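Peer 1: sequence and predicted structure are below.
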Amino acid sequence: MPQLRATTLVPAPPRTVAAALLDARLLARSVRGLGVRVDPGGPVLHAGAELTGSVGPVRGGLLITRADGTGVSATLVNGPLPKLALVTDLAPAEGGTLVADSVEWTSPGGPLGRLADAVVGRGLALKVLRARVRAVAERSGQLAVAKVVVGAAVVRDGLLLAQQRGYPQDVAGGWELPGGRVEPGEDDHTAVVRECEEELGVTVAPGDQVGPDIPLRVDHLLRVYRADLTRGEPRALDHPAVRWVSRAELDGLDWLPADRALLPALHALLQPPH
Ligand SMILES: Nc1nc2c([nH]c(=O)n2[C@H]2C[C@H](O)[C@@H](COP(=O)(O)OP(=O)(O)OP(=O)(O)O)O2)c(=O)[nH]1
């Protein structure tokens, strides 16, 4: 299968570039040059999501097979389009992050097909890669200076604490992790401790980051930390409800769209020790 690869240095740390790649609009922008319209379906990519795509009146699907801190992979499926796969891998480098993109597609058979592939296929693939690199660099620049919203992944006895949002209207009723914006002068851990005190009336000890940074709006990102309860019993002081969620219930909960990208990491967190 023909393949085109391009590697670019983006002057931002890997976790920022990874967050940029999770922005669903970037993927839609990357394939627009092929005449492919992709409906992002939501603000953030997550593994297993199937986005709808179309070329003129012809519809197909774009399946996300990977969306995490290491990069993103996607394949066009269920359409009369030629097979097309996009893979983006990240590696730390001096001065930023190496973004290795590849586009792979099915070539039509025969000499004419090979000619068309050389002239049209490669030209289109190059267009996709260039558009993608520009979009990734631009979004990484925005996220490098974004405000951080911290979330707490509080686990007790194999259950995760989730909190229901009451506002704003468009996300009311959805579930999220306790947390909020990091205030000036705070570091992430201090903000996790303060938010858990304010929202749940408990003291927590924050630990390692869980999952990748997730892009929120243009100038915010969500960063989640594991947090152990050290004092008190969580109560919904600021929101309509809190509940403990088992690993089996994780996928079925009505999470805020951004939080769905955290589900693989939350599953791993709730995995019983072997
Ligand atoms: N805390 C939290 N916020 C989330 C999650 N997922 C997600 O998209 N968000 C969004 C919802 C909000 O737009 C934003 C956080 O706002 P917030 O309302 O919790 O922050 P805050 O307490 O500092 O602000 P305020 O509303 O009290 O002024 O991040 C999550 O899991 N936890």
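Peer 2: Nice, I can see it. Numbering: from 1, shown residues only.
Peer 1: so residue 213 touches residue 140, yeah?
Peer 2: No: counting by Cβ atoms under 8 Å, residue 213 sits too far from residue 140 to count as a contact (10.9 Å). For the C-beta atoms, the positions are set from N, CA and C on the backbone; glycine is no exception.
Peer 1: identify the contacts common to these two.
Peer 2: Counting by Cβ atoms under 8 Å, 6 or more residues apart in numbering, the contacts common to residue 213 and residue 140 are 16, 19.
Peer 1: next, the residue lying closest to residue 244 once chain neighbours are set aside: phi, psi?
Peer 2: Excluding its sequence neighbours, the residue lying closest to residue 244 (Cβ to Cβ, 6 or more residues apart in numbering) is residue 159, at 3.9 Å. Here is the backbone geometry of residue 159 (degrees, to the nearest 10): phi -120, psi 150.
Peer 1: for residue 159, the count of nearby residues, please.
Peer 2: 15 (other Cβ atoms under 10 Å).
Peer 1: how about the contacts made by it?
Peer 2: 244-246, 270 are the contacts of residue 159 under Cβ under 8 Å, 6+ apart.
Peer 1: ok, which pair from those residues is furthest apart?
Peer 2: With Cβ to Cβ as the measure, no two of these lie farther apart than 244 and 270, at 10.8 Å.
Peer 1: show the contacting residues for residue 173.
Peer 2: 164-165, 254 are the contacts of residue 173 under Cβ under 8 Å, 6+ apart.
Peer 1: does residue 10 touch residue 18 like I think?
Peer 2: No: taking contacts as Cβ under 8 Å, residue 10 lies outside contact range of residue 18: 10.7 Å.
Peer 1: neighbouring strands of the helix or strand where residue 103 lies in the sheet, and parallel or not?
Peer 2: Per DSSP states H and E, residue 103 falls inside strand 96-105. With DSSP bridges as the test, strand 96-105 is paired with strand 3-10 (antiparallel), strand 84-93 (antiparallel).
Peer 1: which one of those strands is the most hemmed in?
Peer 2: Among the strands paired with strand 96-105, strand 84-93 has the highest mean neighbour count (mean count of other Cβ atoms under 10 Å), at a mean of 18.
Peer 1: and that one, C-alpha only, in CSV?
Peer 2: The C-alpha coordinates for strand 84-93 follow below in CSV (Å, rounded to 0.1, in the frame of the first residue of the first chain):
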residue,chain,number,x,y,z
LEU,A,84,-7.1,5.6,4.1
ALA,A,85,-5.2,5.5,7.4
LEU,A,86,-3.7,8.3,9.3
VAL,A,87,-1.2,7.6,12.1
THR,A,88,0.5,10.2,14.2
ASP,A,89,3.2,9.3,16.7
LEU,A,90,5.0,11.6,19.1
ALA,A,91,8.6,11.5,20.5
PRO,A,92,10.3,14.0,22.8
ALA,A,93,13.1,15.9,21.2
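Peer 1: what mean pLDDT does that strand have?
Peer 2: Regarding strand 84-93, the rounded mean pLDDT is 92.
Peer 1: equivalent analysis for stretch 16-24, please.
Peer 2: Mean pLDDT, computed over stretch 16-24, is 96.
Peer 1: and the ligand, is it touching that?
Peer 2: No: on the criterion Cβ under 6 Å from any ligand atom, stretch 16-24 is out of touch with the ligand, staying 12.3 Å away.
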